[in-house]
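Student: coords below, sequence missing:
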DNA sequence: TGAAAAATCATGGAAAAAGGGGAGAGAACC
DNA sequence: GGTTCTCTCCCCTTTTTCCATGATTTTTCA
């Protein structure tokens, strides 16, 4: 069985690297590449890859969103996340949006081939490092409400409760409530920790 | 003239990509690669590349530090920074440490070849995007003192002035002074902005 | 060795955030 | 139709941060 492969990555060098690695594999058919989400979607209108290697950071939209969109439109395509970042939040979101696996860009040729083989069968592949990351990070995906996200962003922009209240046309005591909820959800005691956590979890 | 090239990058796919791209170039001789700083340094004890392509993020030490070390020991080697991140702080530090250029990993084959050619002549190469980034970011590299760095880290860890004072065996008013200096240096008005900026500038 | 930078400490007051508790209206979910 | 979630608002107290201003002692390094 030949696996039809497509790749979306805005890093030309990575595309070239993968292509060069896979060229000699008879079991893999290289369909082509895209360097952004838009051209990936337009490619899919006319072609049907078995597997898409998908980078997280794309210029027009995130690989996480693209993953969701592609899986909705073409549920039979398997998506293998590809990223420099071994970060719990990314991995979780990607898998949540229907990816079949996640491989780091420092993977070896063997790892990549194994990942493709596993995913092509419809199974899930996570490299050892990735699996460890998920295990170590006690799956705490912090879920914020719409208002909490807004307030969090404004706090990160350096605004005080009063300023935020004016901006959102609500009372400053309400802002304070949201702020307290944010501290509670992040399990921290002050703004410094809140912002630090939020930035590291890519929520800002 | 043939350029002897060596590459340090922990991303195997990128190494493979560059190798595949440069293979056909007669003017470039591929000396090999390293996936960490240590093996790069040991390679340099026995070989003399003309140009080193150097990633910023390496497992054992940062490319920024490695760049400095290599230029101190082997001043005649030209270093071309290579990174996913088009970030002012990285670029500045890399150039400050003696790099001859900085290329992003989404560079095309042509850009990469041009960069190598320019740098091989001893000139400086910055890709258009990189040059713009530096221009847009008004070259503000924030320089902190030893104590300020310490205090910044402890603030980011969620500690209050009193806690920091105890930890560092100094008065809490002193901590407050450092804190004020931090706010001034970062040109912000509160802790939220301070932490946000510091994290984004990779200072935490 | 002398100037500049850094680290230390202080006072007093204003502003903001944190901690604790309570409560009502409306939407959303079983 | 009741429960839970979200958003809204309020009270009070304590703690922490921010602002202004100033000063002394070390360190650094040219």
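Tutor: Arrived safely. No experiment lies behind these values; they were computed from the predicted model shown.
Student: Can you give me the neighbour number for residue A:59?
Tutor: 10 (other CB atoms under 10 Å in any protein chain shown). Where C-beta positions appear, they are placed from N, C-alpha and C, glycine not excepted.
Student: Can I take it that it is in a strand?
Tutor: No: membership of residue A:59 in a strand is not supported by DSSP: H, G, I helix; E, B strand; the rest coil, which gives coil.
Student: I figured it was touching residue A:10, is that so?
Tutor: Yes: between residue A:59 and residue A:10 there is a contact at 5.4 Å, judged by CB atoms under 8 Å.
Student: Show me the common contact partners of the two, please.
Tutor: Each of A:35, A:36 lies in contact with both residue A:59 and residue A:10 under the rule CB atoms under 8 Å, 6 or more residues apart in numbering or on different chains.
Student: By residue count, which helix of chain A is the longest?
Tutor: What stands out as the longest helix in chain A, according to DSSP state H, is helix A:172-186.
Student: Show me what the helix or strand just after that helix is packed up against.
Tutor: Per DSSP states H and E, the first helix or strand lying C-terminal to helix A:172-186 is helix A:191-200. When contacts are defined as 3 or more CB pairs under 8 Å, 6 or more residues apart in numbering or on different chains; DSSP states H and E, helix A:191-200 packs onto helix A:146-156, helix A:172-186, helix B:146-156, helix B:191-200.
Student: is DNA strand C contacted by helix A:191-200?
Tutor: Yes: contact between helix A:191-200 and DNA strand C, assessed by CB under 7 Å from any atom of the strand, occurs at A:191, A:194.
Student: how about that helix: buried residues?
Tutor: Judged by neighbour count using 16 or more other CB atoms under 10 Å in any protein chain shown, the buried positions of helix A:191-200 are A:191, A:192, A:193, A:194, A:195, A:196, A:197, A:198, A:199.
Student: Of those residues, which is the nearest to residue B:6?
Tutor: Checking the buried residues of helix A:191-200 against residue B:6 with CB to CB, the nearest one is residue A:199 at 35.2 Å.
Student: Quick check: nearest residue in space to the closest one, chain neighbours excluded?
Tutor: Distance criterion CB to CB, 6 or more residues apart in numbering or on different chains; nearest residue to residue A:199, sequence neighbours excluded, is residue B:199 at 4.5 Å.
Student: Now do the one you found against residue A:188, distance only.
Tutor: 14 Å (CB to CB, to the nearest Å).
Student: what residues does chain A put near DNA strand D?
Tutor: So chain A meets DNA strand D at A:143, A:145-148, A:168, A:170-171, A:173-174, A:176-178, A:190, A:192 (CB under 7 Å from any atom of the strand).
Student: Would you show me how to pick out the buried ones of those in ChimeraX?
Tutor: What follows is the ChimeraX syntax selecting those of the residues of chain A next to DNA strand D that are buried according to 16+ other CB under 10 Å:
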select /A:148,168,177,178,192
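Student: hang on, the residue nearest to residue A:199 packs against residue A:202?
Tutor: No: using CB under 8 Å as the test, residue B:199 is too far from residue A:202 to be in contact (11.1 Å).
Student: Which of the residues of chain A next to DNA strand D sits closest to residue A:161?
Tutor: Closest approach between those and residue A:161, by CB to CB: residue A:176, at 5.5 Å.
Student: Residue A:54: what secondary structure?
Tutor: strand.
Student: what's around it, how many residues?
Tutor: 26.
Student: tell me which parts of chain A are close to DNA strand C?
Tutor: So chain A meets DNA strand C at A:155, A:160-162, A:176-177, A:179-180, A:183, A:189-191, A:194 (CB under 7 Å from any atom of the strand).
Student: can you name the two of the residues you listed that are farthest apart?
Tutor: Counting by CB to CB, the most remote pair of those is A:162 and A:189, 21.6 Å apart.
Student: coming back round to it: mind giving me CSV with the residues of chain A next to DNA strand C and columns for pLDDT?
Tutor: As requested, the residues of chain A next to DNA strand C are exported to CSV (pLDDT from 0 to 100):
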residue, pLDDT
A:155, 96
A:160, 95
A:161, 95
A:162, 95
A:176, 95
A:177, 95
A:179, 95
A:180, 95
A:183, 94
A:189, 93
A:190, 94
A:191, 96
A:194, 96
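Student: hang on, residue A:62 packs against residue A:56?
Tutor: Yes: with contact defined as CB under 8 Å, residue A:62 counts as touching residue A:56 (6.5 Å).
Student: Where does pLDDT dip in chain A?
Tutor: For chain A, residues meeting the criterion pLDDT under 70 lie at A:134-140.
Student: For chain B, give me its nearest residue in it.
Tutor: residue A:17 (3.0 Å; CB to the nearest CB).
Student: is it true that that residue touches residue B:18?
Tutor: Yes: proximity of residue A:17 to residue B:18 meets the contact threshold set by CB under 8 Å, at 7.4 Å.
Student: For burial, what's the neighbour tally of residue A:201?
Tutor: Look at residue A:201: counted by other CB under 10 Å, it has 16 neighbours.
Student: Setting aside sequence neighbours, what's the nearest residue to it?
Tutor: Nearest residue to residue A:201, sequence neighbours excluded (CB to CB, 6+ apart): residue A:89, at 5.2 Å.
Student: got it, and residue A:162?
Tutor: Of all residues beyond its chain neighbours, the one nearest residue A:162 is residue A:172 (5.1 Å), with distances taken as CB to CB, 6+ apart.
Student: you'd agree that neighbour is up against residue A:165?
Tutor: Yes: between residue A:172 and residue A:165 there is a contact under CB under 8 Å: 3.9 Å.
Student: higher neighbour count, these two?
Tutor: Shown here are residue A:172 and residue A:165; by other CB under 10 Å, residue A:165 has more neighbours (19 against 16).
Student: For that one, give me its contacts.
Tutor: Residue A:165 makes contact with A:171, A:172, A:174, A:175, according to CB under 8 Å, 6+ apart.
Student: rerun at 7 Å
Tutor: Remark: with contacts taken as CB atoms under 7 Å, 6 or more residues apart in numbering or on different chains, residue A:165 is in contact with A:171, A:172, A:175.
Student: where do the strands sit along chain A?
Tutor: A:3-8, A:28-34, A:51-55, A:78-83, A:101-104, A:125-126 (DSSP state E).
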